[in-house]
Structures are given as C-alpha cells and as structure tokens.
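Colleague: next input, structure requested:
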Amino acid sequence: MFYALATKKIRSRRVIFRHVLEDIESLNRNATQGLYELTAISYHAYPYVADKYLLMAAGSSVGDGYGPILASARPLAPEEIKGKRVAIPGMMTSAYLMLKLYEPDFEPVVIPFDKVLDAVKEQAVDLGLVIHEGQLTYAKSGFHNVVDLGRWWKQQYGLPLPLGANVMLRSLADEVQSECCRLLSESIRYALDNQEEAINYALQFARDMDIPMAQKFVGMYVNHYTVDCGEQVPIAAQKMLDMGYEAGLIPRKVKLEFVR
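Modeller: Take a look at the predicted model:
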C-alpha cells in the first residue's frame, strides 16, 4: 500500500511522509495517544481513537470469506475452544474482537503476532490466533485450522471482514486531509499496477515468504476494497463494532466516519 509513498514514486507539494514500521498492536496503542498524523490501525481500535482520528476510505485490509485463523498443534473441534488458553496478537486487534464474538469463553494471552505459533508449539498456550502471513504458512508448519474467522463471519452475516484501516488526525486542515486521501489512493493503485516491483519492496519486511506466497497474500488483502472501501466495508465494520459494544467488549458505541 505504502510503497509508492515510501519510495517517493508519488510526491506532493503539500505533505511529506516518513515511513514508520511497527506491529499493528503497537500502532493501535500509539493511536490512542494521537502519536502519528496518519496511521494504520485495527478496525477494533477505532472506538478508542475516534475522538482523535477519521477513517480513510482508502487503505482497508478486508478478508472476504477468509481471515484470521485459530490454529492448534493437534486437531480440535471448534467447541473445544471453551476455557482454553489462546495466544492473541493484541487486545485491540480485530482478530481478537472477532474471536470473542465467535467464542467468549477463553483465556487470552498476548503474544507478538510473529511469535504466536511458537507459543503453541512450546505448549505455553493451547491455541494461537494467527494473522498476517501466518494465515498462509501455519499449515506447512504442522498446525491445524480450528476455525477461520473470516469464513465464519461471511457464513453468518454475508459480509466481508474488515480487519485493518488507515486513519488521519481530525485536527489536520481539510486540504491536508484531502491530499492525504488522494495520495494514499494513488499509492495503492500504483502498487496494484506495478505489482512486481511493489512486492519485491515489501518482501524485505516479510517473514518466511517467497514471491508466489507474497503475491497470494497481497491478492487477499490489497484489492478493490483497499482502493476504496465502498458501501460493504463500512456496513460490516459498523456491525462488528456494534456487536462488540452490545457484548460488553467495547466501552463506547461509535459511528464510523470515513473521508474520501
């Protein structure tokens, strides 16, 4: 998504970008402090930062019939999740919220997302909630799919599963907000039109991925929903957060606000 901006393939006379790389839960936490003018966050984190940030219509990561995987070292039935210790990649991730909506009764253990499967292998936890490229690599490491939360969400509600979003500070001037939206959309389109160079750039930040796997992963999460969230993604995200609020998992009800 950010390749063209980070490498100055796309430029602006009004704004400049400094690329900061952090895991998603760190970005979620930093957003509660309003640390960055523009940042990626989990949709689950939005109620905690809505006083500071607006959602950008471009930049969403959405699973359409697929999503975070709950994985185990041995075959387990979904009903066996109850009461288990589950490694999660962060309390503010959309994956964690979705798992709580699917099965409220488990003990979360926060583990960095790239160490979740290690925790399962070492039997520090019973199961691991896998996000990012781990969704494609868990099986070859010998782990079992207990439930695909994106598939469950699609089957239950007929909606895509919004996972990540980009947000920008409400305090930015209107013309700066518009410029940021334009630039992000152009950056995503550039990457989709120049996939080989964009993927080669992105691979330097990837873990245990070759080019074919990277292409598959990008195809899953950088797509038409990413260029513009359209109507379905806001509907799905609002439903997810409303359900979280009604279940007592989110402290306040919010109305999603998108800027194009």
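Colleague: please count neighbours and contacts with C-alpha atoms only from this point.
Modeller: OK.
Colleague: how about the helices in the stretch 151-260 of the chain?
Modeller: Secondary structure of the stretch 151-260 of the chain (DSSP state H, counting those that start in this stretch): helices located at 174-193, 195-202, 211-221, 224-227, 232-246.
Colleague: among the ones you listed, which is nearest residue 4?
Modeller: Comparison of these against residue 4 by CA to CA identifies helix 174-193 as nearest, at 5.0 Å.
Colleague: and the closest one, average pLDDT?
Modeller: For helix 174-193, the mean per-residue pLDDT is 95.
Colleague: got the angle between it and helix 211-221?
Modeller: Orientation of helix 174-193 against helix 211-221 (axes from the mean of the first three to the mean of the last three CA atoms, to 10 degrees) gives an angle of 140 degrees.
Colleague: leaving out chain neighbours, which residue sits closest to residue 73?
Modeller: residue 143 (4.9 Å; CA to CA, 6 or more residues apart in numbering).
Colleague: so how many other residues sit close to that neighbour?
Modeller: Look at residue 143: counted by other CA atoms under 10 Å, it has 20 neighbours.
Colleague: and for the one 4 residues further on?
Modeller: By the measure other CA under 10 Å, the count of residues near residue 147 is 21.
Colleague: again with residue 114
Modeller: Residue 114: 16 neighbours (other CA under 10 Å).
Colleague: got it, and the one 3 residues further on?
Modeller: Per other CA under 10 Å, the neighbour tally for residue 117 reads 25.
Colleague: how is this protein carved up into domains?
Modeller: Using automatic domain parsing, the domain ranges for the chain come out as 3-62+163-259, 69-157.
Colleague: and the last one, how far out from the chain middle?
Modeller: Relative to the mean C-alpha coordinate of its chain, domain 69-157 is positioned 15 Å out (CA atoms, centre = their mean, to the nearest Å).
Colleague: and that domain, what's its mean pLDDT?
Modeller: Rounded mean pLDDT across domain 69-157 is 95.
Colleague: gap between the two ends of it?
Modeller: Its first and final residues considered, domain 69-157 spans 18 Å by CA to CA, to the nearest Å.
Colleague: same check, this time on the longest one
Modeller: Taking CA to CA, the span from the opening residue of domain 3-62+163-259 to its closing residue is 22 Å.
Colleague: hmm, who's touching stretch 200-208?
Modeller: With contact meaning CA atoms under 8 Å, 6 or more residues apart in numbering, stretch 200-208 is reached by 3, 133, 209, 210, 211, 214.
Colleague: out of these, which end up buried?
Modeller: Buried by 16 or more other CA atoms under 10 Å: 3, 133, 209, 214, out of these.
Colleague: for the last one, give its distance to residue 172.
Modeller: To tie it back to what came earlier, the one meant is residue 214. Applying CA to CA to residue 214 and residue 172 gives a distance of 34 Å.
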